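Student: Sequence first, predicted coordinates after that:
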Amino acid sequence: MKSKLLMTVILLLAIVSFAQSQSSQHLTFKGVPIDGTLDKFVSKMKQNGFTEIGTENGVASLKGDFATYEGCNVIVSTLKGKDLVSNVTVNFPKQDAWSSLASNYFNLKELLTEKYGQPSKSVEKFGSFFQVDDGSKMQQVYLDNCKYVTTYETEKGSIQLSIKSTNSNAFVILTYSDKINGNIIRAKAKDDL
């Protein structure tokens, strides 16, 4: 009887240890591994203070505070036909002035560099246009003539920070891509070819 109990305890400890090591292999967002089903991940984000806006075609939209920025939009993505979370994207609040937009970008870049080390790649430039003032720079952002992208590669995945513009809205965007689940998606795509 004692040996059965001891074996059961050892087996349970092994299972818990294995589960923890598996989840620790994934990139995390707000301390939550980017893994599992969309419903489970969204549930964990709600526990972290986010509000679910909606879910459609394997993509969930949430709203909440992130990295001291209020009212961020968070998009959680899965592969169509496979309910496995692989990407989390944060759209920071829109900005109407280059100084505010650039401040958000460089503040986040500094924090990411402190956490993940030097970026693996960083491009920060405007096209051929010579920028003189805040208004001219924002005009170039709206014309998609602004390339500010910084990427951090880790053993668990990649994090990309960039400045984007859509429908006359300019904002900073931060995307977390899990390596393990990204490879699963890549293998599925290759199977389709």
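Tutor: Thanks, I have it.
Student: and the nearest residue to Gly135 once chain neighbours are set aside, how far is that from Asp144?
Tutor: For Gly135, ignoring the flanking residues on the chain, the nearest one in space by C-beta to C-beta, 6 or more residues apart in numbering is Trp98 at 7.8 Å. No exception for glycine: its C-beta is placed from N, CA and C like everyone else's. Distance, Trp98 to Asp144, using C-beta to C-beta, to the nearest Å: 15 Å.
Student: out of those two, which sits in the busier spot?
Tutor: Between Trp98 and Asp144, counted using other C-beta atoms under 10 Å, the more crowded position is Trp98 (21 against 11).
Student: Going along the chain, name the strands of the chain.
Tutor: Taking DSSP state E to define them, one finds strands in the chain at 28-29, 32-33, 51-56, 59-66, 69-79, 82-91, 121-126, 146-154, 157-166, 169-178.
Student: so which of these gets nearest Ile185?
Tutor: Smallest distance to Ile185 across the strands of the chain (C-beta to C-beta): 4.7 Å, for strand 69-79.
Student: Can you get me a residue count around Ser24?
Tutor: 10.
Student: and the gap between Ser43 and Thr68?
Tutor: Distance from Ser43 to Thr68, by C-beta to C-beta: 24 Å.
Student: which one of the two has more residues nearby?
Tutor: Ser43 (13 against 8).
Student: Flag the shaky bits of this protein, pLDDT-wise.
Tutor: Low-confidence segments of the chain (pLDDT under 70): 1-23, 80, 129-131.
Student: Now Asp134: closest residue in space that isn't a chain neighbour?
Tutor: Per C-beta to C-beta, 6+ apart, closest to Asp134 is Trp98, 4.5 Å.
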